[in-house]
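>>> Would you be able to build a 3D model of this:
(one chain, ligands or ions: 1)
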Amino acid sequence: MSDTPVIGVLALQGDVREHLIALASADALARPVRRSEELAEVDGLVIPGGESTTMSKLASLFGMLEPLRERVRNGMPVYGTCAGMILLADKILDPRSGQETVGGIDMIVRRNAFGRQNESFEAAVEVAGIEGGPVEGVFIRAPWVESVGAQAEVVAEHGGHIVAVRQGNALATSFHPELTGDHRVHALFVDMVRAVG
Ligand SMILES: NC(=O)CC[C@H](N)C(=O)O
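Numbering: from 1, shown residues only. Sure thing, here's the model as predicted:
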């Protein structure tokens, strides 16, 4: 890989555009990924926020679930925000019937844990590994992490709840950093992708 990694944004549903912009400003070549052929060409992948049940259905419909699982298993760096965090969880506490995940992080998530859409909020969140003060987290019907396994490292908490976790090359946040002008979380992820290449 050159110094400029190619990072995909899973573009089945959700806020794809904002992630493409955040990644580009963090010095990555960013492109949408919808098909397994496109997945094969990226060095890392962002799974955006949206609706995790819809995203999991579309992933399975587009034949993407297994290719995603395989690349994550093989160590491709992956970063999931909000619904993307849910997709990276090995277990969902309150799944809709038939809701599947890609998995990769040994954690149990609770969907919509922070409340409904009209209870969305912003909060300053201190993230381990990010210098220069807390990041502004936007929480929209956000999940929290009930518990993590031995392999997973908690990198941020808010209000006594786990809101960011890292396990090897997989990173997940309950909140949406792509909706702010602060792209330090994306820069951290770009560094994780560079470290693998
Ligand atoms: N902003 C979001 O990604 C919301 C996630 C949504 N509550 C879900 O379960 O998928």
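>>> Which parts of the chain are strands?
Ranges of strands in the chain, per DSSP state E, are 6-10, 29-33, 44-47, 78-81, 89-92, 105-110, 121-125, 135-139, 144-148, 153-158, 161-167, 170-173.
>>> Which one, of those strands, ends up nearest to the ligand?
strand 78-81 (7.0 Å; Cβ to the nearest ligand atom). Any C-beta I mention is one placed from the backbone N, CA and C, and that applies to glycine too.
>>> Mind giving me the packing neighbours of the closest one?
strand 44-47, helix 83-88, strand 170-173, helix 184-196 (3 or more Cβ pairs under 8 Å, 6 or more residues apart in numbering; DSSP states H and E).
>>> can you give me the mean pLDDT across the third one?
Okay, so that is strand 170-173. Per-region confidence: strand 170-173 scores 98 on mean pLDDT.
>>> Kindly export that strand (C-alpha atoms) in PDB.
Only the C-alpha atoms of strand 170-173 are listed here, as PDB (Å, rounded to 0.1, in the frame of the first residue of the first chain):
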ATOM      1  CA  ALA A 170     -11.700  -3.200  14.500                       C
ATOM      2  CA  LEU A 171     -13.000   0.000  16.000                       C
ATOM      3  CA  ALA A 172     -16.500   0.900  16.900                       C
ATOM      4  CA  THR A 173     -18.200   4.100  18.300                       C
END
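>>> check whether it contacts the ligand.
No: using Cβ under 6 Å from any ligand atom, strand 170-173 never reaches the ligand; the gap is at least 10.6 Å.
>>> In its sheet, which strands sit next to that strand, and in what direction?
Paired strands of strand 170-173, with direction, are strand 78-81 (parallel), strand 161-167 (antiparallel) (DSSP bridges).
>>> most packed of those?
For the strands paired with strand 170-173, average neighbour numbers computed from mean count of other Cβ atoms under 10 Å are highest in strand 78-81, which has a mean of 30.
>>> Could you tell me the end-to-end distance of stretch 85-104?
Start-to-end span of stretch 85-104 (Cα to Cα, to the nearest Å) is 10 Å.
>>> ditto for stretch 170-181
The first-to-last residue distance of stretch 170-181 comes to 23 Å (Cα to Cα).
>>> gap between the residue nearest in space to the middle of the chain and G132?
When Cα atoms, centre = their mean is applied to the chain, the residue found nearest the centroid is G80 (0.6 Å). Distance from G80 to G132, counting by Cβ to Cβ, to the nearest Å: 23 Å.
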